[in-house]
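Asks: Model the following, please.
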Amino acid sequence: QLQASGGGLAQPGGSLRLSCVASTFSLDLYTIGWFRQAPGKGREGVSCISASGSITYTADSVLGRFTISGDNAQKTVYLQMNSLKPEDTAVYSCAAVDPRGSCQYLYGIDYWGKGTQVTVSS
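Replies: Now for the predicted structure:
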C-alpha cells in the first residue's frame, strides 16, 4: 500500500511538499516515483528515486523546481515542489516501480497509491 499526502492549494510561485508512505513493503526493493495527471491529459512521470537513493528520472517540465528524496527508514518518499505554476495543477500519485521499469514511459509499475490533488491558482 502506498499513500500520498500533502496536496492542496498553492499560489503561483509557491511551494508544497508531498509525502508518499509505503505501509506494507520495503522501499529497498523498488524505485518509487511520483506521477501526475492533469485534467483532460494523460498520466506522466514527474520524478523517480531508486532504492539506493539515486534520482533516476526528472521530467523536463519540473527540472530545477521539484526535488525528490527518500527516507527508507521511514518508508517515505518526498516531492518538494517549488516555484509552482498553474500548469502543475494535477492529481499527484506515487507508485512502486520495478527496477527494470521506466518512470518516463510508465511501464513496470507494480503498485499505485491513491493520489493527492495539487491546485496552483491565484
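
Asks: all contacts plus neighbour counts: C-alpha atoms, from now on.
Replies: Will do.

Asks: in stretch 9-19, what's buried?
Replies: 10, 12, 15-19 (16 or more other Cα atoms under 10 Å).

Asks: ditto for stretch 47-66
Replies: Neighbour-count burial for stretch 47-66 flags 47-51, 53, 55, 57-59, 62, 66 (criterion: 16+ other Cα under 10 Å).

Asks: Among the residues you listed, which lie within strands?
Replies: Using DSSP state E, 47-49, 55, 57-58, 66 are the members of the buried residues of stretch 47-66 that sit in strands.

Asks: just those residues: which has the poorest pLDDT?
Replies: Among these, Ile55 has the lowest pLDDT, at 91.

Asks: and that residue, what are its bridge partners?
Replies: Counting by DSSP bridges, Ile55 is bridged to Ile49.

Asks: What's the separation between it and Ile68?
Replies: With distances taken as Cα to Cα, to the nearest Å, Ile55 is found 7 Å from Ile68.

Asks: joint contacts of the two?
Replies: Common neighbours of Ile55 and Ile68 are listed as 47-49 (criterion: Cα atoms under 8 Å, 6 or more residues apart in numbering).

Asks: helices or strands up against the longest strand belonging to the chain?
Replies: Taking DSSP E as the criterion, the chain has its longest strand at strand 90-102. Secondary-structure packing of strand 90-102 (3 or more Cα pairs under 8 Å, 6 or more residues apart in numbering; DSSP states H and E): strand 2-5, strand 31-37, strand 107-112, strand 116-120.

Asks: same thing but 6 Å
Replies: strand 31-37, strand 107-112, strand 116-120 (3 or more Cα pairs under 6 Å, 6 or more residues apart in numbering; DSSP states H and E).

Asks: For this structure, which residue occupies the most central location?
Replies: By Cα atoms, centre = their mean, the chain has its centre lying nearest to Trp34, at 1.9 Å.

Asks: what sits against that one?
Replies: The contact partners of Trp34, by Cα atoms under 6 Å, 6 or more residues apart in numbering, come to 46-47, 93-94.
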